[in-house]
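>>> this is a predicted model, with the sequence first.
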Amino acid sequence: MLRVGIIGLGYAGRQHLDAWLQNSEAEVKVICDQNEAIARPPAEEHHLKYVKDYTELVRDKEIDAVSICTPDHMHAEQALAAVQSGKHVFCEKPLATNVLDCQRIVEAVDKSKVKFLTGQVLRFAPFFQSLKSIYTSGMLGEAFFAESDYIHDLRPFLSGWRCGAGTAGDLTLSGGCHPVDLLRWIVGEIDEVYANSNKLALKEAPFPADNILLTLKFRSGATGKVQITTGCRRPYALNLSVYGTKGTLMNNKLYTEDIRLLEDFIDLPLPQKAQYQYYDKETEELVSAIKEDREPSVSALEGARTVAVCQAGIESAARNCPVKVFEF
């Protein structure tokens with residue numbers, strides 16, 4: 001049994017806790033949160049040890065793996081401490097808030113024998129796995145344009161660290177890491193980003209911008225677009241479109257020249273959800289990677305490369321010019 005500790009019992013932490021409790025090959029032993037009022041009830045309910053200081057958890061010799069579910073700006077310090085203590089890690093997205101910290105994590109993981117999974121959850125959604133398999137099959141030909149959108153009314157979530165002047169971060173990373181990672185995974189690496197943004201819908205929020213548009217240049221020569229809109233008045237959506245030399249994919253609609261005389265898009269009967277919560281599949285992936293002694297499918301390096309694209313977008317918006325993506 002993999003003995004697990006969880007750091008952070010906010011929304012994501014509770015999802016991780018539920019996923020680990022459902023995993024037949026793992027046993028949750030310890031939970032950690034600075035806010036005892038949040039962590040004590042689940043600790044008592046599931047007969048778990050509670051600690052307030054994460055360093056106590058990562059030093060615990062009875063713990064094999066750690067889930068990191070704290071605010072974004074805390075990920076790097078806690079991930080490094082866990083890796084250096086010989087713990088396997090499941091770290092929520094984004095891996096860190098800057099490229100330097102990502103580099104430190106990647107190097108620490110490379111030097112250790114631990115397995116590290118970055119929680120880019122869309123890669124575990126059956127819907128997007130199906131879309132990736134369609135593109136990989138060659139049915140669309142070679143992509144020349146691809147786009148993805150993160151459309152989320154964040155007004156109900158503007159509390160706690162997400163609205164703190166020093167902790168809120170930039171939505172290009174905290175929200176944009178989802179569509180950016182999706183495009184990297186399906187279409188390929190991104191070399192350059194040009195960004196424009198405004199702040200007209202969430203003027204009271206501490207974010208630099210609430211609406212961001214990233215124009216992408218893929219290594220393959222394809223171009224792309226990511227829209228990150230978080231002050232919108234509409235339901236949540238995460239869209240994906242790929243335009244190829246033989247066909248086009250727009251969410252669950254497919255057109256391809258491989259089907260003769262096709263005149264319109266085909267509606268694909270793929271499972272779709274308003275939200276993508278597949279934490280159970282992520283815990284299963286980490287356990288499998290440990291058992292099989294292989295790299296998890298979304299490694300620290302994969303998480304770092306997504307952060308690098310987002311950081312290039314942040315720098316581009318500030319400088320008003322295209323920015324090359326950092327290469328690890």
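Looks like it came in fine.
>>> just for the protein, where's the confidence low?
Within the chain, the segments meeting pLDDT under 70 span 273-276.
>>> ok, which stretches of it are helices?
Here the chain has its helices, by DSSP state H, at 11-22, 36-45, 54-59, 75-84, 99-111, 126-136, 171-174, 177-186, 279-292, 300-319.
>>> what lies in contact with the shortest one?
Outside helix 171-174, the residues that touch it by Cβ atoms under 8 Å, 6 or more residues apart in numbering are 72, 94, 97, 154, 195, 197, 207, 209-210, 212, 214, 228, 230, 307, 310-311, 313-314, 317. All C-beta spots, glycine's among them, are computed from the backbone N, C-alpha and C.
>>> if we use 7 Å, what do you get?
72, 94, 97, 207, 209-210, 212, 228, 230, 307, 310, 313-314 (Cβ atoms under 7 Å, 6 or more residues apart in numbering).
>>> from those, which two are the most distant?
Pairwise distances across the contacts of helix 171-174 peak at 20.3 Å for 210 and 307 (criterion: Cβ to Cβ).
>>> give me the more crowded residue out of these two.
With neighbours defined as other Cβ atoms under 10 Å, residue 210 and residue 307 compare such that residue 307 has more, 27 against 21.
>>> how far away is that one from residue 198?
Relative to residue 198, residue 307 is positioned 23 Å away (Cβ to Cβ, to the nearest Å).
>>> ranking the helices of the chain by burial, who's on top?
Of all the helices of the chain, helix 171-174 has the most neighbours on average by mean count of other Cβ atoms under 10 Å, namely a mean of 26.
>>> output that helix in CSV with nothing but the alpha carbons.
Taking C-alpha atoms only, helix 171-174 is exported to CSV below (Å, rounded to 0.1, in the frame of the first residue of the first chain):
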residue,chain,number,x,y,z
LEU,A,171,-4.6,34.2,-14.8
THR,A,172,-2.5,33.6,-17.9
LEU,A,173,-0.9,30.9,-15.7
SER,A,174,-3.5,29.8,-13.1
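>>> now find how far off-centre it is within its chain.
Taking Cα atoms, centre = their mean, to the nearest Å, the mean C-alpha location of helix 171-174 is offset from the chain mean by 11 Å.
>>> can I get the helices of the chain in a markdown table with distance to residue 247?
What follows is these, written out as a markdown table (distance: least, Cβ to Cβ, whole Å):
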| stretch | distance to residue 247 |
| --- | --- |
| helix 11-22 | 36 |
| helix 36-45 | 48 |
| helix 54-59 | 48 |
| helix 75-84 | 38 |
| helix 99-111 | 35 |
| helix 126-136 | 9 |
| helix 171-174 | 30 |
| helix 177-186 | 14 |
| helix 279-292 | 28 |
| helix 300-319 | 26 |
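>>> looking at those helices, which is nearest to residue 30?
Checking these against residue 30 by Cβ to Cβ gives helix 54-59 as the closest, at 5.4 Å.
>>> run through who's touching that closest one.
Residues from elsewhere that reach helix 54-59, judged by Cβ under 7 Å, 6+ apart: 5, 7, 30, 32, 51, 63, 66, 78, 81, 82, 85, 87.
>>> okay, now residue 208: neighbour count?
By other Cβ under 10 Å, 16 other residues sit near residue 208.
>>> got a list of what it touches?
Residue 208 makes contact with residue 170 under the criterion Cβ under 7 Å, 6+ apart.
>>> so what's the backbone phi/psi at it?
Main-chain torsions, residue 208, degrees, to the nearest 10: phi -60, psi -30.
>>> separation between it and residue 112?
35 Å.
>>> same deal with residue 174?
Residue 174 is 27 Å from residue 112, by Cβ to Cβ.
>>> and what of residue 86?
Using Cβ to Cβ, one gets 7 Å for the distance from residue 86 to residue 112.
>>> out of these two, which sits in the more crowded spot?
residue 112 (17 against 13).
>>> now do the contacts for the closest residue to that one other than its chain neighbours.
Nearest residue to residue 112, sequence neighbours excluded (Cβ to Cβ, 6 or more residues apart in numbering): residue 83, at 5.5 Å. If a contact means Cβ under 7 Å, 6+ apart, then residue 83 has 89, 108, 109, 112, 114, 116 as its contacts.
>>> again with residue 300
Residues in contact with residue 300 (Cβ under 7 Å, 6+ apart) are 95, 105, 106, 109, 116, 118.
>>> and which of those is nearest residue 294?
Set against residue 294, the nearest of these by Cβ to Cβ is residue 116 (12.1 Å).
>>> the closest one: what's its closest spatial neighbour, skipping adjacent residues?
According to Cβ to Cβ, 6+ apart, the nearest residue to residue 116 is residue 300 (4.3 Å).
>>> ok, now residue 130?
Nearest residue to residue 130 in three dimensions, chain neighbours excluded: residue 270, at 5.1 Å (Cβ to Cβ, 6+ apart).
>>> that neighbour - how many residues pack around it?
By the other Cβ under 10 Å criterion, the neighbourhood of residue 270 contains 15 residues.
>>> pretty sure it contacts residue 127?
Yes. Applying Cβ atoms under 7 Å as the test, residue 270 and residue 127 come out as touching, 5.3 Å apart.
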